[in-house]
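Asks: give me coordinates for this.
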Amino acid sequence: MSIFGKIFSRENKQTLDQGLEKSKQSVFSKITHAIAGKSKVDDEVLDNLEEALITSDVGVETTLRIIERIQKRVERDKYVGTDELNSILRQETASLLAENNAGDVLDFADPLPQKPYVVMVVGVNGVGKTTTIGKLAHLYTQAGKKVFLGAADTFRAAAVEQLSIWGERTGATVVKQQMGSDPASVAYDTISSAVANNADVVLIDTAGRLHNKVSLMNELTKIKKVMQKVVPDAPHDVMLVLDGSTGQNAFEQAKQFTKATQVTSLAVTKLDGTAKGGVVIGISDQFKIPVRYIGLGEQAEQLQVFNRDEFVDSLLGGVTSGR
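Replies: Sure, this is the predicted structure:
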């Protein structure tokens with residue numbers, strides 16, 4: 001079974017281009033400045049490019065990896081014009097994402113590797129975690145899948161209410177309990193009901209507190225153990241939702257959650273209206289966790305399956321020679 005993302009349509013690409021427009025313009029101006037007046041890629045151009053990528057929220061470590069790759073290309077080919085730099089930058093960035101399997105994902109319409117396919121969604125409050133779950137429910141139900149949602153963020157009334165609204169919109173079944181209930185109990189009930197009703201997909205919302213990492217770790221571990229009483233290999237995916245508009249703060253969130261639990265995929269939200277799209281590249285590379293989805297707006301259809309080549313094209317495409 002193929003695990004590669006769905007074929008990118010023209011509408012998908014237009015949405016991606018529009019969502020990354022501010023990021024692209026920011027990167028474009030910085031890279032254009034980096035190569036201004038230069039015809040050949042030399043040490044000065046690479047130094048300027050390094051600064052441009054770092055200030056575009058790609059991150060220091062990832063930027064250095066990209067620069068090293070480009071440097072090797074320059075040394076190998078002896079002469080590389082600045083008009084070739086954009087193409088090389090895109091190739092090396094896409095290659096870096098490919099090494100982390102970013103963009104290798106299930107299409108919503110594809111047969112699932114397990115049934116029910118259980119996803120535990122984690123992330124701090126305010127990143128768009130519950131909204132992302134609702135959008136995933138929409139996309140899965142549109143593809144003909146039966147979806148169950150578990151409202152296991154029982155400490156925040158707004159989260160339960162929001163998930164219930166998404167359930168009504170999408171036709172997904174929402175399992176919830178009283179406020180303050182044990183989140184693991186909600187997860188258990190959700191998966192039990194999903195199995196009994198032959199559901200395809202289970203999406204479990206979780207609390208986003210980070211004030212006590214030990215407490216968070218214990219809670220997430222408990223939820224996992226309870227899930228496995230019903231589905232032994234659950235969860236099949238632990239998805240961390242990050243707010244892309246926070247730039248380097250998203251790195252810190254990823255660091256904290258990867259310490260608290262074994263994160264297996266990323267969804268990066270709120271990339272529209274921000275110039276910090278480069279953070280997607282840095283987080284995927286630094287944490288070696290594949291990006292599965294990106295959020296480019298409020299509408300359900302604006303949550304996209306991440307396509308690394310199209311993403312790199314939308315973010316880095318269009319930089320021309322500085323001559």
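
Asks: which residue ranges of the stretch 51-200 of the chain form strands?
Replies: 117-122, 147-151, 173-175 (DSSP state E, counting those that start in this stretch).

Asks: hey, which of those is tucked in deepest?
Replies: strand 147-151 (a mean of 28; mean count of other Cβ atoms under 10 Å). For every residue, glycine as well, the C-beta is placed using N, CA and C.

Asks: please report how far the residue lying closest to residue 69 once chain neighbours are set aside lies from residue 310.
Replies: Among residues not flanking residue 69 along the chain, residue 92 sits closest, at 4.3 Å (Cβ to Cβ, 6 or more residues apart in numbering). Residue 92 sits at a distance of 16 Å from residue 310 (criterion: Cβ to Cβ, to the nearest Å).

Asks: residue 256 now?
Replies: From residue 256 to residue 310 the distance is 30 Å (Cβ to Cβ).

Asks: and these two? Which one has more around it.
Replies: residue 310 (21 against 14; other Cβ atoms under 10 Å).

Asks: could you look up the SS state of the more buried one?
Replies: helix (DSSP: H, G, I helix; E, B strand; the rest coil).

Asks: quick check: it vs residue 271, distance?
Replies: Residue 310 sits 13 Å away from residue 271, taking Cβ to Cβ as the criterion.

Asks: same check, this time on residue 175
Replies: Counting by Cβ to Cβ - residue 175 and residue 271 are separated by 31 Å.

Asks: again with residue 225
Replies: Applying Cβ to Cβ, the value for residue 225 to residue 271 is 34 Å.

Asks: now do the contacts for the residue nearest to residue 69.
Replies: 66, 69, 70, 73 (Cβ atoms under 8 Å, 6 or more residues apart in numbering).

Asks: go through the residues you listed and name the one with the lowest pLDDT.
Replies: Least confident entry in these, by pLDDT: residue 73, with 90.

Asks: confidence score at residue 1?
Replies: 32.

Asks: nope, residue 13 is what I was after
Replies: Reported pLDDT for residue 13: 87.

Asks: does it touch residue 317 like I think?
Replies: No: with contact defined as Cβ atoms under 8 Å, residue 13 does not count as touching residue 317 (10.8 Å).
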